[in-house]
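> Give me a 3D structure for the following:
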Amino acid sequence: MPVESHIDSLKMRHQELDIQLEEMKIASSADQIELRNLKQKKLAIKDKIERLTAQKMN
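Model (predicted):
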């Protein structure tokens, strides 16, 4: 998979997690552990996007 395509798929996954987090926050019965796990996944994806983008530019 080319780097640009991989970055695009990561961005899409990041956006999906963001939507999922917002939906969970709206629901009053949101599980705090699951919210934390989703936030950690989202951050890990963001970090990977930044690393790949930086590598691509070098």
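
> Excluding its own residues, what touches stretch 24-35? List them.
Applying CB atoms under 8 Å, 6 or more residues apart in numbering, the contact partners of stretch 24-35 are 21, 38. For glycine as for every other residue, the C-beta is placed from the backbone atoms N, C-alpha and C.

> Going forward, the N-terminal residue is numbered 14.
Right, with 14 as the first residue, what we last looked at is stretch 37-48.

> so how far does it reach from one end to the other?
The first residue of stretch 37-48 is 7 Å away from its last residue (CA to CA, to the nearest Å).

> tell me the SS of residue 41?
When the structure is split into helix, strand and coil by DSSP: H, G, I helix; E, B strand; the rest coil, residue 41 lands in coil.

> Number of residues surrounding it?
Residues lying near residue 41 (other CB atoms under 10 Å) number 5.

> which intervals of the chain have sub-threshold pLDDT?
Residue ranges of the chain with pLDDT under 70: 14, 42.

> let's see it at 90
14-15, 36-45, 47, 69-71 (pLDDT under 90).

> Please enumerate the strands of it.
When assigned using DSSP state E, the chain turns out to have no strands.

> Output the longest helix belonging to it.
In terms of residue count, the longest helix belonging to the chain (DSSP state H) is helix 45-70.

> So which bits of it are buried?
Buried residues in helix 45-70, defined by neighbour count with 16 or more other CB atoms under 10 Å: 51, 55, 58, 62.

> chain center to stretch 23-34: distance?
For stretch 23-34, the separation from the chain centroid amounts to 5 Å (computed by CA atoms, centre = their mean, to the nearest Å).
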